[in-house]
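>>> fold the following and give me the result.
(one chain, ligands or ions: 2)
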Amino acid sequence: MKIKRITAIVTVAVMLIALSACQSSYTTDIFAMDTIMTITAYGKDSEKATELAKQKIKQLERLFSVTDSDSEIGNINASTDFVEVSYDTEKIITRALEISNMTQKAFDITIRPVTKLWGFTDNNPHVPDAMDIESALNTVESCRVEIENGKIKCTGELDLGAIAKGYAAECIRAIFDQYDIKHAVVSLGGNVMLKGSRPDGKPWNVGITHPQNSEEIIGILKAQDTSVVTSGGYERSFVQDGITYHHIIDPKTGYPANSGIISATVISLDDTLADALSTAFYVSGVEQSAQYWRQYGGFDMILITDGCIYITEDIYDYFQLKDGSFSVVKLEK
Ligand code: AMP
Ligand code: MG
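Residues are numbered from 1 along each chain as shown. Ligands and ions are numbered 1, 2, ... in the order given. A predicted model of the protein is given here:
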């Protein structure tokens, strides 16, 4: 059995080209939430704001970790009664439950009993027993989450892995607003948060990882003042008996999602939404995702299947394809 993990640096190649020299800037790296993160900010208070962003990420990691039994999520998972939680934990769970309902539970934070069995977060990935998956799915099915003024009760177990980095990006955006940082780029694994444009006024170039060869990029998206979040099975997978299994689980089956999508990117100024939806769309496939986009809007997306790339109309002209073997479809409202 072989485990394959691709580091964040490869996952999203943000190209910082021809940056203006007259702005002061500050860059720092941090390893948190199981990935390498890089924060670059421009402006007078860039160092202070970046250091505060780093502290915020560490604080959120301590609150949201599923492997740390002392975290707030650890406490919620260990108890079937109300547990006192911080503002951030209440906010992220409230938002996650809303998005879960809107995606018909393709994105579902109560999936932890199933993701625990697959062992990705415990560095012991393996195919679980089918009976165990069945019983974990029953726990997910009957799970109830209640939120009451700073207290949360969950009859099952929560996993914030598909939304935590998006929420962290949202918090960093707020810190940058507070310190009047007008230009910044934050790379959090498969998530890229862009504040404003590049300092020279041009949009940022965000490389989208090639899902069939994660050392390469499949194309470049020009974007600014938004989050670009990609979910792909290639980010975490293992091979058992010649079959590749990845970490994004279809809550309907308890097995790795098999919707035909091999990479789902969501682009939105709502950093948290972009993270949750990229996971949801990876699970639910092209047709349902396009239907969701037409119904709700408020974001753009790039969905990749074996041989085809679907791009929503508003960003179509801003995506430059590098691999000509894929055909491109423009999604229209
Ligand atoms: P992402 O990389 O944002 O797509 O998130 C993947 C992570 O979210 C996995 O490693 C799991 O911890 C968790 N997860 C897997 N499947 C789901 C799902 N269907 N809904 C919510 N979280 C999930
Ligand atoms: Mg996600």
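>>> any regions of the stretch 1-150 of the chain where pLDDT drops low?
1-22 (pLDDT under 70).
>>> okay, helices next: where are they in the stretch 51-200 of the chain?
72-78, 87-102, 112-118, 130-141, 164-178 (DSSP state H, counting those that start in this stretch).
>>> what would those look like in CSV with distance to Val66?
Every residue, glycine included, has its C-beta placed from N, CA and C. Conversion of the helices of the stretch 51-200 of the chain to CSV gives the following (distance: least, CB to CB, whole Å):
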stretch, distance to Val66
helix 72-78, 6
helix 87-102, 13
helix 112-118, 6
helix 130-141, 14
helix 164-178, 10
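>>> which of the ones you listed sits closest to Thr38?
helix 164-178 (11.9 Å; CB to CB).
>>> end-to-end on stretch 143-158?
Start-to-end span of stretch 143-158 (CA to CA, to the nearest Å) is 10 Å.
>>> and it, what's buried?
143, 145, 147, 152, 154, 156-158 (16 or more other CB atoms under 10 Å).
>>> sitting in strands, which of the residues you listed do you find?
Counting by DSSP state E, the part of the buried residues of stretch 143-158 found in strands is 145, 147, 152, 154.
>>> now the two most distant members of the residues you listed.
Checking those with CB to CB, the most distant pair is Ile147 and Cys154, at 9.6 Å.
>>> hmm, back to that, of the helices of the stretch 51-200 of the chain, give the one that comes closest to Ser237.
helix 112-118 (10.8 Å).
>>> wait, does the closest one contact ligand 2?
No: residues of helix 112-118 are not located near ligand 2 by CB under 5 Å from the ion, the shortest gap being 12.9 Å.
>>> about what we covered before: the helices of the stretch 51-200 of the chain: which one's closest to ligand 1?
With CB to the nearest ligand atom, the closest approach to ligand 1 among the helices of the stretch 51-200 of the chain belongs to helix 112-118: 4.8 Å.
>>> helices or strands up against that closest one?
helix 130-141 (3 or more CB pairs under 8 Å, 6 or more residues apart in numbering; DSSP states H and E).
>>> and the residue of the protein closest to ligand 1?
Closest point on the chain to ligand 1, by CB to the nearest ligand atom, is Gly161, at 2.6 Å.
>>> since we're on that residue, how many residues are nearby?
Per other CB atoms under 10 Å, the neighbour tally for Gly161 reads 23.
>>> is it correct that it is in contact with Lys116?
No: using CB atoms under 8 Å, Gly161 makes no contact with Lys116, being 11.3 Å away.
>>> what's near enough to touch Ile93?
With contact set as CB atoms under 8 Å, 6 or more residues apart in numbering, Ile93 has these partners: 85, 109, 145, 147, 152, 158, 160.
>>> and if we set it to 10 Å?
Contacts for Ile93 (CB atoms under 10 Å, 6 or more residues apart in numbering) come out as 64, 72-73, 76, 85, 109, 145, 147, 152, 154, 158, 160, 163.
>>> likewise for Ala276?
Ala276 sits in contact with 92, 95-96, 98-100, 102-103, 106-107, 109, 160, 162-163, 166-167, 229, 231, 266, 270, where contact means CB under 10 Å, 6+ apart.
>>> could you look up the SS state of it?
Using DSSP: H, G, I helix; E, B strand; the rest coil, the structure places Ala276 in helix.
>>> before we move on, what about the one 5 residues further on?
Of the three states, Phe281 takes helix under three-state DSSP.
>>> burial measure for it, as a count.
Neighbour count of Phe281, defined by other CB under 10 Å: 28.
>>> can you offset everything so residue one is 42?
Happy to do that; since the first residue is 42 now, the last one works out to Phe322.
>>> hang on, it packs against Ala331?
Yes: Phe322 lies in contact with Ala331 (CB atoms under 10 Å); the separation is 9.2 Å.
>>> give me the common contacts of the two.
Common contact partners of Phe322 and Ala331 (CB under 10 Å, 6+ apart): 342, 344.
>>> what parts of the chain come near ligand 1?
Residues of the chain found near ligand 1 (CB under 6 Å from any ligand atom) are 148-150, 152, 156, 161, 200, 202-203, 231, 272, 276, 288-290, 292, 316, 319-320, 324.
>>> among these, which lie within strands?
Ser272.
>>> chain neighbours aside, what residue packs nearest to the spatially most central residue of the chain?
Compute the mean C-alpha point of the chain, and by CA atoms, centre = their mean the closest residue is Asp316, 3.7 Å away. In space, and not counting its chain neighbours, Asp316 is closest to Gly207: 2.5 Å by CB to CB, 6 or more residues apart in numbering.
>>> can you pull the contacts of Thr313?
132-133, 136-137, 140, 204-212, 268, 270.
>>> please redo it, this time with the cut-off set to 8 Å
Counted by CB under 8 Å, 6+ apart, Thr313 has contacts 133, 136, 204, 207-208, 210-211.
>>> put the buried members of these into a PyMOL selection.
Selecting only the buried entries of the contacts of Thr313 in PyMOL, with 16+ other CB under 10 Å as the criterion:
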select buried, resi 133+136+204+207+208+210+211
